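[1] any chance you could fold what I've pasted below:
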Amino acid sequence: MSKVTVVGAGNVGATAANVMAIREVADEVVMIDIKEGVSEGKAMDMMQTANLLDMNTRVIGVTNDYEKTANSDVVVITSGIPRKPGMTREELIGVNAGIVKQVTESVLRHSPNAIIVCVSNPMDTMTYLIHKISGLPKNRIIGMGGALDSSRFKFNLSKALNANANEVEGFVIGGHGDTTMIPMKRFAAYRGIPATKLLDEKTMDEVVASTMVGGATLTKLLGTSAWYAPGAAAAEVVEAIIHDQKAFIPCSALLEGEYGEKDLCIGVPCILGKNGIEKIVELDLNEEEKALFAKSAAAVHKTNAALPC
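    This next block holds a predicted model:
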């Protein structure tokens, strides 16, 4: 039996659980949260759609009972708080690092063989923290950000091309932030035709810019962070692992010399399968892309320096 745990039953965590249930990614999905009744209520609500959607996955909600998460194949960590008024970046990182550390220790106590998918922000830094505190092999810790950023890139490409979003190819590397991500326009395509041949330079640059501020744009519109696409992106990563898809999905991975970087988690193209990150795909970057990646890596290193451990 396949089993996935989602830690945090907020908007993103609940959406991830719901998408996994509808797509029947696993036999069982457990949602766990610290707030009494939230996971249980959302799980019940989802299960009441089972007969409407012909859904066979079992969704279970629990409050702070990590024993119920035992023997999970994959654990998705969405826990953390948003930045509050007057809070410094270092304070936010300190609080979320404490939460992620506690959650990681709790889930591994009951699921020592699990693959961990990190969604918590700042995502690259929290993924790096999990590496530092868990001792797990690098293939079993994955940051979700590249999957989300790539989906937003493809959405913006499809709008510019007036094309079906499922017929557009594109991906993003670099840090999961509006100044650190790198939409790879050189590799963007529509049904195999390079997007740069179909869109003029100005339009292509607008697509890139819109992608980079994608999260901030939604926050401005919604008054809070987005959740549908982030939750679905987390579910996509889990599905690639549980179903051993050997899928090409950009993720935050620990680099040990790849792309000229060490001791850093940052978004790079990965092949995901039953073992987690089965391969980091090293692209032959041009000089402009190398410079952008080095700048992005430096920014992530700087954020990592604010970790309390």
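
[2] can you give me the helices in the stretch 101-250 of the chain?
    123-134, 145-161, 195-198, 201-212, 214-222, 228-242 (DSSP state H, counting those that start in this stretch).

[3] mean confidence for the second one?
    In this model, helix 145-161 carries a mean pLDDT of 98.

[4] per-residue confidence at G61?
    The model's pLDDT for G61 equals 98.

[5] could the helices of the stretch 101-250 of the chain go into a markdown table alongside distance to S106 and mean neighbour count?
    Any C-beta I mention is one placed from the backbone N, CA and C, and that applies to glycine too. Shown next, in a markdown table, are the helices of the stretch 101-250 of the chain (distance: least, C-beta to C-beta, whole Å; neighbours: other C-beta atoms under 10 Å):
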| stretch | distance to S106 | mean neighbour count |
| --- | --- | --- |
| helix 123-134 | 12 | 24 |
| helix 145-161 | 23 | 24 |
| helix 195-198 | 44 | 15 |
| helix 201-212 | 35 | 17 |
| helix 214-222 | 28 | 15 |
| helix 228-242 | 19 | 24 |
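
[6] compare these and say which comes out lowest on pLDDT.
    With a mean of 93, helix 214-222 has the lowest mean pLDDT of the helices of the stretch 101-250 of the chain.

[7] how's the chain carved up into domains?
    Annotated domains of the chain cover 3-144, 146-304 [automatic domain parsing].

[8] who wins for proximity to S252 among the helices of the stretch 101-250 of the chain?
    Ranking the helices of the stretch 101-250 of the chain by distance to S252, with C-beta to C-beta as the measure, places helix 123-134 first at 4.7 Å.

[9] elements contacting the closest one?
    helix 89-110, strand 115-118, strand 141-143, strand 247-256, strand 262-273, helix 287-304 (3 or more C-beta pairs under 8 Å, 6 or more residues apart in numbering; DSSP states H and E).

[10] state the mean pLDDT of the fifth one.
    Averaging the model's pLDDT scores along strand 262-273 yields 98.

[11] the helix or strand that comes right after that strand: partners in the sheet, and parallel or antiparallel?
    Once the chain leaves strand 262-273, the next helix or strand it forms, by DSSP states H and E, is strand 276-280. Here strand 276-280 is paired, per DSSP bridges, with strand 262-273 (antiparallel).
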